[in-house]
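Trainee: Quick one, what's the 3D model for this:
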Amino acid sequence: MKRWITAAMIVCAMAAKGQIYETAVRSNRVGALEVRVAGERLSEPYVELGGERQIEVTFDMLNPEPGERLAYSVVHCDADGRRSALVPMEYMDGFDGMEVDDAAPSFNTTVPYMNYRLSLPNEQVRLKVSGVYAVEIYPEGRRNEVLLTARFNVGEGLVAISGEATANTDVALNRGVQQVNFAVDTKALTVNFPQRELKVFVEQNRRPDTRVGDLQPTSIGGTRLGYEHDRRLIFEAGNEYRRFECLTYRHAGMGVERIGFHNPYYHVDLRPDGPRRAYVYDEDQNGRFFAACSGCGEAAREADYGLVHFSYVSERLPGGEVYVMGDLTQNVFDDRSRMTYNEASGCYEAALMLKQGYYNYGYVFVPNGERRGRMPAGDESLFEAENEYTVSVFYRPAMGRYDRLVGRLTIGGRR
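Mentor: Numbers count the residues shown, from 1 in each chain. Presented below is the predicted three-dimensional model:
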């Protein structure tokens, strides 16, 4: 039911203040979650405030229930992803708890699903301020049963950012790491105390675990702020993402060893992956995926689902866990993406219910008690690897109540 924002919603917002919002799936029934600019495949979820472009959130609900209806709420966040001090009426015009009404059932698939699409802003919701946003989607009338969260960014473009990522770092030259150096020109914005009024973040390949914040300028000259020779901006270079494609279940595609049907699902066994010590150029998409299928007219509704089996050949690695990484797991380290070690096969293994399409993926080792992933032992981090580094600049003047996103730049990672 359509309703205006109420005091009860404000109380709920205050209770959730400490949560960090990231793009994440919270139900095994949700598949193929993508957050991007509408009409721009593989794009970053970023639009300008008041512009023509929209954020598009697409996903599937597997095995849909009769009469099931989904609703959504929009949350405004501080720069760190926690709910901001603004109440909904301050950051949006429109209704809260609206139905996600752009839905269509799957066609001729072994796994039935309902495909959903939500675009923001829309006729019911207009965003009034810049910053980090999140959309929560849940069964209508059950606000606390969140099925998924989609994080996106709305910017103002008030500062100019320039920069580079280089293998010539402050700790080594061409030795498996990359360093980001950049400058921010604030001439279109009045910044009196940049150390206090600006919040600057950098992350690699849209991975929350790599996000670095609380950055301070290493040089200030007029309106130019330099962020250079900062060792916090040295990142493990890694390697190119691995790839597979599964467009049909009639024959194995790239990276696939075998396909078989075991009621009720198709099972897709990928070729076992081993450690990589040498760099081989590959035109990857830095961890992205998109749905596709052979001979179908509309992949969003006609691409099927199957259990995809991953295996990483390795000795058991003590002191941490190995995870499947990429947009296929929303770059989240949880039970779904965690791999288990099979003593008999000598492999880390995982199975994910995935939609047919093109996929990038990787493996990371996360030490116990830490949040950042790294290359598993045996895999070589190689300075030649191409990565994306996204710089986000937020502005909150004295007495300001929220963080405005005033600049954003994505830098390629080649030398």
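Trainee: Can you name the residues bridging to the closest residue in space to V100 that isn't next to it in sequence?
Mentor: Among residues not flanking V100 along the chain, L70 sits closest, at 4.5 Å (C-beta to C-beta, 6 or more residues apart in numbering). From N, CA and C alone the C-beta is placed, and that goes for glycine too. For L70, the beta-bridge partners are P139 (DSSP bridges).
Trainee: I'd say L70 and M61 touch.
Mentor: Yes. At 7.3 Å, L70 counts as touching M61 under the criterion of C-beta atoms under 8 Å.
Trainee: Quick check: neighbours shared by these two?
Mentor: The overlap between the contact sets of L70 and M61 (C-beta atoms under 8 Å, 6 or more residues apart in numbering) consists of 116, 147.
Trainee: For R396, which non-adjacent residue is spatially closest?
Mentor: That would be D403: by C-beta to C-beta, 6+ apart, it lies 5.0 Å from R396.
Trainee: Could you give the number of residues near that neighbour?
Mentor: 23 (other C-beta atoms under 10 Å).
Trainee: swap in P397?
Mentor: P397 has 14 nearby residues by other C-beta under 10 Å.
Trainee: List the contacts of it.
Mentor: 190, 192, 197.
Trainee: What strand or helix carries it?
Mentor: P397 belongs to no helix or strand when elements are defined using DSSP states H and E.
Trainee: Test for you: state the pLDDT assigned to it.
Mentor: Note for P397: predicted pLDDT of 95.
Trainee: do the same with the one 3 residues further on
Mentor: G400 carries a pLDDT value of 96.
Trainee: again with R3
Mentor: We note a pLDDT of 45 for R3 in this prediction.
Trainee: and the residue nearest to V100, how far is that from G141?
Mentor: According to C-beta to C-beta, to the nearest Å, L70 stands 10 Å off from G141.
Trainee: the more surrounded of those two?
Mentor: Per other C-beta under 10 Å, whichever of L70 and G141 has more neighbours is L70, with 21 against 10.
Trainee: residues contacting that one?
Mentor: So L70 contacts 61, 99-100, 103, 116, 137-140, 147 (C-beta under 8 Å, 6+ apart).
Trainee: Now R258: which helix or strand?
Mentor: Using DSSP H and E, R258 falls in strand 256-262.
Trainee: Alpha carbons of the helix or strand following that strand, as CSV, please.
Mentor: Helices and strands here follow DSSP H and E; after strand 256-262, the next one along the chain is strand 265-270. Only the C-alpha atoms of strand 265-270 are listed here, as CSV (Å, rounded to 0.1, in the frame of the first residue of the first chain):
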residue,chain,number,x,y,z
TYR,A,265,19.1,-28.8,-11.4
TYR,A,266,21.6,-28.6,-14.1
HIS,A,267,25.1,-28.9,-12.7
VAL,A,268,28.0,-27.0,-14.3
ASP,A,269,31.5,-28.2,-13.3
LEU,A,270,34.2,-25.6,-14.1
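Trainee: So which bits of strand 265-270 are buried?
Mentor: 265-266, 268-270 (16 or more other C-beta atoms under 10 Å).
Trainee: In a markdown table: these, plus pLDDT and distance to V111.
Mentor: As requested, these are exported to a markdown table (pLDDT from 0 to 100; distance: C-beta to C-beta, whole Å):
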| residue | pLDDT | distance to V111 |
| --- | --- | --- |
| Y265 | 98 | 7 |
| Y266 | 99 | 9 |
| V268 | 99 | 13 |
| D269 | 99 | 18 |
| L270 | 99 | 19 |
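Trainee: Report how many residues lie close to V87.
Mentor: Using other C-beta under 10 Å as the criterion, V87 is surrounded by 15 other residues.
Trainee: Let me see the contact set for R301.
Mentor: Applying C-beta under 8 Å, 6+ apart, we find R301 in contact with 104-107, 115.
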